[in-house]
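Asker: predicted structure and sequence below. I'll ask about it afterward.
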Amino acid sequence: MTYIFGHRGSAGTHPENTMISFQEAERAGADGIELDVQLTKDGEVIIIHDEKVDRTTDGKGYINNLLLKDIKKLNAGAKFQNGQFKAEIPTLNEFFEWFKGTNLFVNIEFKTKSISNYELEEKTVAMVKKNKLEERVIFSSFNHYSLVYCYRLAPEIETAPLYAEGLFMPWIYAQSIRAKGIHPNYRVIPDELITLSQNHGIKVRPYTVNQDEDIKRFLNCNTHAIITDFPKKAKELKTM
Ligand code: G3P
């Protein structure tokens, strides 16, 4: 069985990384949600993909230069489909308050560049533990040092490296950094490596799988999960 993870919620139909997008993914029957976290200037963990607020909101500037109170005034729906949705940038705490009442999994992606400061990882791990959500959380990042650090803090929480270039034996790499999954770009993971990785106990969740033929390909080769902007469509293709 292949699980469906809604990328940034249901980013194909609703403003990415907002509560309305997460709620839409749940309504669509997704099994999990993928979201991105970053730190504000005053050290709050918020859910947003880019380093700046410019692309998705009506504001400007780097997140690490903005206070939460100012970020909360922005409309995270401003740049999506002519601004027909209005939404705040959620904090991770706000997300967890809603998430605790669902049966979903969540894949939290750390948008970290630094390898000398792990405040974002430390705060996120503490929040997951405080809410006792260890079994429903997967940490991912293109910064694999982040994941090794999280494993040291909380080995019970699954980690999965993101990567966009082909790996020869991805399961060996995953095992070497104590990861239990891999999140490859969907273009760089051939069917045989999905099977081999999963036979070695490594869960494969390619991103971002949006076209019908690609969704069908991963469903057919029993991929553990796919990460898609269109969870509703993926769910429908799965039940066909
Ligand atoms: O986690 C899957 C996907 O979100 C990784 O790429 O650039 O959207 O963070 P990106």
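Answerer: Here it is on my side, so go on. Computed from a predicted structure; not experimentally measured.
Asker: list the residues that contact the residue of the chain found nearest the ligand.
Answerer: Here the chain gets closest to the ligand at one residue, Tyr207, 3.4 Å apart by CB to the nearest ligand atom. Just so you know, the C-beta spots here come from the backbone N, C-alpha and C atoms, and that holds for glycine as well. Taking CB atoms under 8 Å, 6 or more residues apart in numbering, we find Tyr207 in contact with His7, Glu34, Leu162, His183, Pro184, Asn185, Tyr186, Ile226, Ile227.
Asker: bridging residues for it?
Answerer: Asn185 (DSSP bridges).
Asker: strands along this structure, start to end?
Answerer: 3-7, 32-39, 45-47, 105-110, 137-141, 158-163, 181-184, 203-204, 225-228 (DSSP state E).
Asker: of the contacts of Tyr207, list those near the ligand.
Answerer: His7, Glu34, Leu162, His183, Ile227 (CB under 6 Å from any ligand atom).
Asker: out of those, which end up buried?
Answerer: His7, Glu34, Leu162, His183, Ile227 (16 or more other CB atoms under 10 Å).
Asker: in TSV: the residues you listed, plus distance to Gln198 and pLDDT.
Answerer: As requested, those are exported to TSV (distance: CB to CB, whole Å; pLDDT from 0 to 100):
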residue	distance to Gln198	pLDDT
His7	21	98
Glu34	19	98
Leu162	18	98
His183	14	98
Ile227	16	98
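Asker: show me which of these is closest to Leu237.
Answerer: Ile227 (14.6 Å; CB to CB).
Asker: go ahead and confirm that closest one touches Val204.
Answerer: No. Counting by CB atoms under 8 Å, Ile227 sits too far from Val204 to count as a contact (10.8 Å).
Asker: can you pull the pLDDT of Met240?
Answerer: pLDDT recorded at Met240 is 81.
Asker: start to end distance for stretch 49-61?
Answerer: One end of stretch 49-61 to the other measures 14 Å (CA to CA, to the nearest Å).
Asker: now tell me what touches it from outside.
Answerer: Against stretch 49-61 from outside (CB under 8 Å, 6+ apart): 8, 15-17, 36, 38, 48, 62-64, 66, 70-71, 73-76, 78-80, 89, 111.
Asker: check the residues you listed one by one and keep those near the ligand.
Answerer: Within those, those near the ligand by CB under 6 Å from any ligand atom are Asp36.
Asker: of the contacts of stretch 49-61, select the buried ones using a PyMOL command.
Answerer: To isolate the buried ones among the contacts of stretch 49-61 in PyMOL, judged by 16+ other CB under 10 Å, type:
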select buried, resi 8+15+16+17+36+38+48+63+66+71+74+75+76+78+80+89+111
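Asker: please, where are all the helices along the chain?
Answerer: Assigned helices in the chain, in chain order: 19-27, 68-71, 92-99, 119-130, 144-153, 170-176, 191-199, 212-220, 231-238 (criterion: DSSP state H).
Asker: contacts for the fifth one?
Answerer: Outside of helix 144-153, the residues that reach it under the criterion CB under 8 Å, 6+ apart are 110, 112, 115, 118, 121-122, 125, 139-141, 157, 159-161, 177-179.
Asker: export that helix to CSV, keeping only CA atoms.
Answerer: Extracted as CSV, the C-alpha positions of helix 144-153 are listed here (Å, rounded to 0.1, in the frame of the first residue of the first chain):
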residue,chain,number,x,y,z
HIS,A,144,21.7,15.8,6.2
TYR,A,145,23.8,17.1,9.2
SER,A,146,20.4,18.3,10.6
LEU,A,147,19.1,14.8,10.5
VAL,A,148,22.1,13.3,12.2
TYR,A,149,21.7,15.9,14.9
CYS,A,150,18.0,15.1,15.3
TYR,A,151,18.9,11.4,15.5
ARG,A,152,21.3,12.2,18.4
LEU,A,153,18.5,14.2,20.2
